[in-house]
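Undergrad: Structural data only, the sequence is not supplied:
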Ligand SMILES: NC(=O)C1=CN([C@@H]2O[C@H](COP(=O)(O)OP(=O)(O)OC[C@H]3O[C@@H](n4cnc5c(N)ncnc54)[C@H](OP(=O)(O)O)[C@@H]3O)[C@@H](O)[C@H]2O)C=CC1
Ligand SMILES: N[C@@H](CC(=O)OP(=O)(O)O)C(=O)O
């Protein structure tokens, strides 16, 4: 039985003060770009390592976004029309914020923090924020396997946020506001969205083969040395295949009642895609780094449990029709269409299609065809830094606000 969050009686959100941890990195910069246009969230504080602490943001960061940093405001934009500020006005500028250390004391005014922290630092820092009753929406891998931490792809399983109350209850001491929610690995996020659409339309998938071609920006800045990647393909990304194979099960699975704890309180657990007599889902991933700047491309072949399987045309229609709760609720960062389906035989392509028509918040699928070994195969393209990271965290937070989980 999957556990559902009941809608809270919340009125439309007021301005919410947010912080960004790891604000100088690739994901941190994308957070800032997106938050600066956000209708509800206002950037209150930025944090990074000791290397950056105490400097003005513009001096600490190697800014790599296409919008100039000097014109970026703090967000909370009514109507979310534009973040562009008048350079001669007194309005707050991200560029002038002083970078703080990543301690909860320095983020006390924040109602939410978004984390783009390096995984080497994220474990302790995110835990300290949670213990200080500050909600954390993280991109780092550290807590994805925690049995009480939701691993959320917002276009797939936002209802897993219902596990937050158990996480807070079991924390010592129990928490009223703090929690950790994680995003998935960027390659997992991209391909799990069409998988979810297909399971919704045609029932369980039994097996998946996925081969990734991952952009350099996935490795952060400065990332893979140019002499390793220019004119080359590197057929190994440490830990990536294991993450895709495991995370897919937690995301596509449900939440079930499990045991009781030593006090006799009933506990819930993630079913890892196995409850309700579903056949277990087997995933095999092969990951490659390719000389592309942004956009992870993935070739997917899969077999359905149902026989006969759906035709390529039925698959196409199901992907086009996929509509998610995040969209129905009206989360401001949700794409109008979750999946863009291409008919052209040579699309999607990273250089042409990575942003799509939804500023990187949706995924693109093309080349849907029959597979002679499994049932169906296709290619999926996702913006690894947007839907694969920052946009997903922001959508998770929007959902939590609308459900009254964050106030
Ligand atoms: N890039 C991508 O496409 C994706 C990345 N992720 C994950 O998101 C996280 C961020 O990735 P990315 O932005 O690419 O990484 P970067 O290496 O570009 O940025 C890392 C950030 O962490 C900060 N940092 C490093 N060490 C510490 C420390 N000891 N204390 C406080 N802050 C620290 C850095 O600050 P400073 O500048 O001061 O060193 C910087 O702001 C990682 O966990 C990554 O695995 C997830 C999905 C996709
Ligand atoms: N490893 C991914 C990005 C990433 O950081 O993944 P994770 O958050 O799962 O460690 C890539 O290089 O493209």
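TA: Ah, there it is. Please read all numbers here as calculations on a predicted model, not as lab measurements. Residues are numbered from 1 along each chain as shown. Ligands and ions are numbered 1, 2, ... in the order given.
Undergrad: what residues are up against residue 160?
TA: Counting by C-beta atoms under 8 Å, 6 or more residues apart in numbering, residue 160 touches 150-152, 251, 255, 270. Heads up, the C-betas are built off the backbone N, CA and C, glycines and all.
Undergrad: change it to 6 Å
TA: By C-beta atoms under 6 Å, 6 or more residues apart in numbering, the contact list for residue 160 reads 150, 152.
Undergrad: With residue 202 instead?
TA: 304, 306, 310.
Undergrad: tell me how far the ends of stretch 65-75 are from each other?
TA: 16 Å (C-alpha to C-alpha, to the nearest Å).
Undergrad: Likewise for stretch 372-380?
TA: Taking C-alpha to C-alpha, the first and last residues of stretch 372-380 lie 19 Å apart.
Undergrad: Closest residue of this protein to ligand 2?
TA: Closest to ligand 2 within the chain is residue 218: 2.1 Å, counting by C-beta to the nearest ligand atom.
Undergrad: where does that residue land on pLDDT?
TA: If you check residue 218, the pLDDT there is 97.
Undergrad: thinking again about what came up before, so among the contacts of residue 202, which ones count as buried?
TA: 304, 310 (16 or more other C-beta atoms under 10 Å).
Undergrad: Which of the contacts of residue 202 fall in helices?
TA: With DSSP state H as the criterion, helices contain none of these.
Undergrad: Going along the chain, name the strands of the stretch 151-300 of the chain.
TA: Read by DSSP state E, counting those that start in this stretch, the stretch 151-300 of the chain holds these strands, from start to end of the chain: 151-152, 180-183, 205-214, 255-260, 266-270, 282-289, 296-304.
Undergrad: can you pull the contacts of the residue in the stretch 1-150 of the chain that ligand 1 sits nearest to?
TA: Proximity of the stretch 1-150 of the chain to ligand 1 (C-beta to the nearest ligand atom) peaks at residue 25, 2.0 Å away. Contacts for residue 25 (C-beta under 6 Å, 6+ apart) come out as 116, 220.
Undergrad: cutoff 7 Å now
TA: For residue 25, the contact set (C-beta atoms under 7 Å, 6 or more residues apart in numbering) comprises 116, 220-221.
Undergrad: cool, and residue 203?
TA: Neighbour list for residue 203: 304-306 [criterion: C-beta under 7 Å, 6+ apart].
Undergrad: From the residues you listed, pick the one nearest ligand 1.
TA: Distance to ligand 1 across the contacts of residue 203 (C-beta to the nearest ligand atom) is lowest for residue 304, with 28.8 Å.
Undergrad: Mind listing the residues bridging to that closest one?
TA: Taking DSSP bridges as the rule, residue 304 bridges to residue 205.
Undergrad: That one reaches residue 375, doesn't it?
TA: Yes: under the criterion of C-beta atoms under 7 Å, residue 304 makes contact with residue 375 at 5.5 Å.
Undergrad: Quickly list what's touching both of these two.
TA: Listed contacts common to residue 304 and residue 375 are nil; contacts here mean C-beta under 7 Å, 6+ apart.
Undergrad: How about residue 32: what's its closest non-neighbour residue?
TA: residue 94 (5.6 Å; C-beta to C-beta, 6 or more residues apart in numbering).
Undergrad: quick one: contacts for the residue nearest to residue 43 when sequence neighbours are not counted?
TA: With C-beta to C-beta, 6+ apart as the criterion, residue 43 has its nearest non-adjacent residue at 4.5 Å, and that residue is residue 74. With contact set as C-beta under 7 Å, 6+ apart, residue 74 has these partners: 36, 42-43, 92, 94.
Undergrad: farthest pair in these?
TA: 42 and 94 (11.1 Å; C-beta to C-beta).
Undergrad: More neighbours: which of these two?
TA: Shown here are residue 42 and residue 94; by other C-beta atoms under 10 Å, residue 94 has more neighbours (27 against 19).
Undergrad: got the contact list for stretch 303-315?
TA: Contacts of stretch 303-315 (C-beta under 7 Å, 6+ apart): 198, 202-207, 279, 368-370, 374-376.
Undergrad: Please apply the same query to stretch 247-263.
TA: So stretch 247-263 is contacted by 1-3, 144, 151, 153, 156-157, 160, 162-163, 184-185, 188, 192, 195-196, 199, 266-275, 281, 283 (C-beta under 7 Å, 6+ apart).
Undergrad: Would you mark the buried spots in that stretch?
TA: Those would be 247-256, for stretch 247-263 by 16+ other C-beta under 10 Å.
Undergrad: could you check whether it is close to ligand 1?
TA: No: against ligand 1, stretch 247-263 shows no contacts by C-beta under 6 Å from any ligand atom, the least distance being 11.4 Å.
Undergrad: For that stretch, measure first residue to last.
TA: Distance between the two ends of stretch 247-263: 30 Å, counting by C-alpha to C-alpha.
Undergrad: what do you get for stretch 279-293?
TA: End-to-end distance for stretch 279-293, by C-alpha to C-alpha: 38 Å.
Undergrad: what do you get for stretch 349-366?
TA: Stretch 349-366 has its terminal residues 10 Å apart, counting by C-alpha to C-alpha.
Undergrad: for it, which positions count as buried?
TA: 349-350, 353-354, 356, 358-366.
Undergrad: any bit of that stretch sitting next to ligand 1?
TA: No: using C-beta under 6 Å from any ligand atom, stretch 349-366 stays clear of ligand 1, with a minimum separation of 11.1 Å.
Undergrad: That stretch near ligand 2 at all?
TA: No: on the criterion C-beta under 6 Å from any ligand atom, stretch 349-366 is out of touch with ligand 2, staying 12.8 Å away.
Undergrad: now that stretch, how far from the centre of its chain.
TA: Its chain's C-alpha centre and that of stretch 349-366 lie 16 Å apart, by C-alpha atoms, centre = their mean, to the nearest Å.
Undergrad: contacts for that stretch?
TA: So stretch 349-366 is contacted by 190, 193-194, 215, 292, 294-295, 297, 319, 333-342, 347-348, 378-383, 386-387, 391 (C-beta under 7 Å, 6+ apart).
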